[in-house]
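Asks: need the 3D shape of this:
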Amino acid sequence: MIILVIILILAVLFPKGIKNLISLALISIFALFLWEIAWWGKVIDVLIMISIVSAFIYGIVQAIKEGKEEQSNKSPSKSLHKKQM
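Replies: Have a look, this model is predicted:
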(Lines give C-alpha, C1' and ligand atoms only; values in the text may rest on other atoms or scores of the structure.)
Protein backbone atom coordinates (compact mmCIF):
# COMPACT_ATOMS: atom_id res chain seq x y z
CA MET A 1 0.00 0.00 0.00
CA ILE A 2 2.83 2.39 0.83
CA ILE A 3 4.44 1.70 -2.54
CA LEU A 4 1.24 2.69 -4.34
CA VAL A 5 1.05 5.95 -2.37
CA ILE A 6 4.68 6.74 -3.26
CA ILE A 7 4.00 6.00 -6.92
CA LEU A 8 0.95 8.27 -6.91
CA ILE A 9 2.94 11.09 -5.27
CA LEU A 10 5.70 10.72 -7.87
CA ALA A 11 3.12 10.73 -10.67
CA VAL A 12 1.65 14.00 -9.40
CA LEU A 13 4.96 15.77 -8.78
CA PHE A 14 6.99 14.82 -11.82
CA PRO A 15 6.57 15.73 -15.49
CA LYS A 16 4.80 13.75 -18.16
CA GLY A 17 7.79 11.56 -19.07
CA ILE A 18 8.09 10.20 -15.54
CA LYS A 19 4.34 9.60 -15.43
CA ASN A 20 4.58 7.56 -18.63
CA LEU A 21 7.43 5.48 -17.21
CA ILE A 22 5.49 4.81 -14.02
CA SER A 23 2.42 3.84 -16.05
CA LEU A 24 4.45 1.45 -18.19
CA ALA A 25 5.98 -0.10 -15.08
CA LEU A 26 2.55 -0.69 -13.53
CA ILE A 27 1.19 -2.11 -16.78
CA SER A 28 4.20 -4.43 -17.03
CA ILE A 29 3.67 -5.72 -13.48
CA PHE A 30 -0.01 -6.29 -14.26
CA ALA A 31 0.93 -8.07 -17.49
CA LEU A 32 3.38 -10.37 -15.70
CA PHE A 33 0.68 -11.21 -13.17
CA LEU A 34 -1.77 -12.07 -15.96
CA TRP A 35 0.84 -14.20 -17.74
CA GLU A 36 0.96 -16.56 -14.75
CA ILE A 37 -2.81 -16.95 -14.33
CA ALA A 38 -4.18 -18.71 -17.42
CA TRP A 39 -4.23 -18.81 -21.20
CA TRP A 40 -6.55 -15.79 -21.39
CA GLY A 41 -4.03 -13.88 -19.31
CA LYS A 42 -1.44 -14.57 -21.98
CA VAL A 43 -3.81 -13.25 -24.67
CA ILE A 44 -4.43 -10.04 -22.71
CA ASP A 45 -0.69 -9.77 -22.04
CA VAL A 46 0.12 -10.01 -25.75
CA LEU A 47 -2.46 -7.30 -26.52
CA ILE A 48 -0.94 -5.03 -23.86
CA MET A 49 2.55 -5.57 -25.24
CA ILE A 50 1.37 -4.87 -28.80
CA SER A 51 -0.14 -1.57 -27.67
CA ILE A 52 3.06 -0.59 -25.84
CA VAL A 53 5.28 -1.45 -28.80
CA SER A 54 2.99 0.32 -31.28
CA ALA A 55 2.96 3.47 -29.11
CA PHE A 56 6.77 3.31 -28.90
CA ILE A 57 7.12 2.95 -32.68
CA TYR A 58 4.62 5.78 -33.25
CA GLY A 59 6.69 8.04 -30.97
CA ILE A 60 9.86 7.25 -32.89
CA VAL A 61 8.16 7.96 -36.23
CA GLN A 62 6.80 11.28 -34.93
CA ALA A 63 10.26 12.29 -33.66
CA ILE A 64 11.82 11.48 -37.04
CA LYS A 65 9.13 13.48 -38.88
CA GLU A 66 9.61 16.48 -36.58
CA GLY A 67 13.37 16.29 -37.04
CA LYS A 68 13.03 16.28 -40.83
CA GLU A 69 10.58 19.20 -40.73
CA GLU A 70 12.97 21.25 -38.59
CA GLN A 71 15.85 20.52 -40.95
CA SER A 72 13.81 21.49 -44.01
CA ASN A 73 12.70 24.73 -42.34
CA LYS A 74 16.31 25.66 -41.49
CA SER A 75 17.68 24.93 -44.95
CA PRO A 76 18.14 28.29 -46.77
CA SER A 77 18.44 26.77 -50.24
CA LYS A 78 14.97 25.25 -50.09
CA SER A 79 13.39 28.44 -48.79
CA LEU A 80 15.06 30.47 -51.57
CA HIS A 81 13.84 27.96 -54.12
CA LYS A 82 10.28 28.31 -52.79
CA LYS A 83 10.47 32.12 -52.96
CA GLN A 84 11.61 32.05 -56.58
CA MET A 85 8.65 29.91 -57.62
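
Asks: model confidence for Leu10, exactly?
Replies: On pLDDT, Leu10 comes in at 65.

Asks: how about Lys78?
Replies: At Lys78, the pLDDT recorded in the model is 52.

Asks: show me the shaky parts of the protein.
Replies: 1-4, 6-19, 74-85 (pLDDT under 70).

Asks: what are the ranges of the helices in it?
Replies: With DSSP state H, the ranges of helices along the chain come out as 2-13, 16-37, 39-74, 76-84.

Asks: any idea how far Leu26 is from Ala38?
Replies: Remark: distance between Ala38 and Leu26 (CB to CB, to the nearest Å) = 21 Å. Just so you know, the C-beta spots here come from the backbone N, C-alpha and C atoms, and that holds for glycine as well.

Asks: ok, those two, which is more surrounded?
Replies: Ranked by neighbour count (other CB atoms under 10 Å), Ala38 and Leu26 place Leu26 first, with 13 against 10.

Asks: need the residues that contact stretch 29-43.
Replies: Residues external to stretch 29-43 that are found in contact with it (CB atoms under 8 Å, 6 or more residues apart in numbering): 44-45, 48-49.

Asks: in that stretch, what's buried?
Replies: Within stretch 29-43, the residues scored as buried using 16 or more other CB atoms under 10 Å are 31, 34, 41.

Asks: Serialize those to CSV and add fields for distance to Gly59.
Replies: As requested, the buried residues of stretch 29-43 are arranged in CSV below (distance: CB to CB, whole Å):
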residue, distance to Gly59
Ala31, 19
Leu34, 25
Gly41, 27
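
Asks: from these, pick the one nearest Tyr58.
Replies: Ala31 (19.4 Å; CB to CB).

Asks: separation between the closest one and Phe56?
Replies: Ala31 sits 15 Å away from Phe56, going by CB to CB.

Asks: much appreciated, bye for now.
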